[in-house]
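Undergrad: how would this look folded up:
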Amino acid sequence: MEYGDLSDFLRKRREALQPEDVGMPRGRRRRTPGLRREEVAVLASMSTDYYSRLEGGRGPQPSVDMLGSIARALRLTTEERDHLFVLAGHGTPPRTTRACHVDPGMLRILDRLQDTPALLLNRCGETLAQTSAHIAFAGEQTNLDGMARSEFYRWFADPASRTLYREPERSTHSRMLVSWLRSVATADGPTSYAASLVRTLQKLSPEFDEIWDAHEVGVYHSKTKRFDHPVVGELELYCEVIDNRDQQQVLVVFTATPGSESAEKLQLLSVLGSQTLDPAR
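TA: Reported below is the predicted structural model:
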């Protein structure tokens, strides 16, 4: 682990970012070039003391997960992320088809959509990033472990994950998810993570097994979706999916017709925040 180089790299990348680049207010009396250390710590979901010691060359070797959080907070490119891992003594991370590193351009888009429910998914249905409005809308999804990180798994293994969707939407969503997972598992092969998800869900969920046996492909989501939120009630939202093929990730954005009742409810959610709005509760 090259403490000096790691410290210098983290400092230079931090100083190259401005608050506006990460959706933070600039505030007054800002003397520090770029972001402050405490701002990076907030973005990386870690203590300021830990990040300060790491940047100062005094901390212990960070874990792979911690490095991933720092890479995302500093908006590193894939090449910069790989360099960070090498400096921290972990070697270059494998470029897996799960594509868990978030492209800085996609993060900039999310930063500007904080009052709109939006999330970024990788090809295995794992939530990589959410706007604050989406956390208020659907609950925190980036802090889960194992297969529970994948929407494919949660949808069929955890009934509570479906409560946000109104009944007519659920069957279509089930078929869309299975079709999506089939395309990924077919492309990645029988030893892939996607294939292991398939085998697990075939054992856990009779519904999944039945849809899988139907061998449907190309089932797409409906553009207009209806939800039943535990706080604001019924919502009718337009769902737009933006495919980032280079990163093998998709950005999902939910909007409401301007002036509609659903638009007013989304505005209320963005004001209330995510304090007690986890639909699983």
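
Undergrad: Quick check: next helix or strand after the helix or strand containing Glu80?
TA: Assessed by DSSP states H and E, Glu80 sits inside helix 78-87. Per DSSP H and E, helix 78-87 leads on to helix 104-111 as the next helix or strand towards the C-terminus.

Undergrad: Run through who's touching that next one.
TA: Applying C-beta atoms under 8 Å, 6 or more residues apart in numbering, the contact partners of helix 104-111 are 21-23, 72, 75-77, 118, 120, 129-131, 244, 247, 249, 251. C-beta: built from backbone N, CA, C; applies to glycine.

Undergrad: Return the item of those residues having minimum pLDDT.
TA: Lowest pLDDT among the contacts of helix 104-111: Gln247, with 74.

Undergrad: how about the helix holding Glu80: buried residues?
TA: Residues Thr78, Glu80, Arg81, Asp82, His83, Leu84, Phe85, Leu87 are the ones in helix 78-87 that count as buried (16 or more other C-beta atoms under 10 Å).

Undergrad: Which secondary structure elements does that helix sit against?
TA: Packing partners of helix 78-87 (3 or more C-beta pairs under 8 Å, 6 or more residues apart in numbering; DSSP states H and E): helix 3-15, helix 64-73.

Undergrad: I'd like to know how many residues surround the closest residue to Arg11 other than its chain neighbours.
TA: Once flanking residues are discounted, Arg11 sits nearest to Glu55: 5.8 Å by C-beta to C-beta, 6 or more residues apart in numbering. Neighbours of Glu55 under the rule other C-beta atoms under 10 Å: 21.

Undergrad: can you give me the strands in the stretch 101-250 of the chain?
TA: 118-122, 127-130, 224-229, 233-244, 249-255 (DSSP state E, counting those that start in this stretch).

Undergrad: Direction included, what does the longest one pair against?
TA: Taking DSSP bridges as the criterion, strand 233-244 pairs within the sheet with strand 224-229 (antiparallel), strand 249-255 (antiparallel).

Undergrad: next one: the shortest one
TA: Partners of strand 127-130 in the sheet, by DSSP bridges, are strand 118-122 (antiparallel).

Undergrad: List the contacts of the partner strand.
TA: 98-100, 102, 106, 110, 127-131, 133-134, 138, 141, 151, 248-254.
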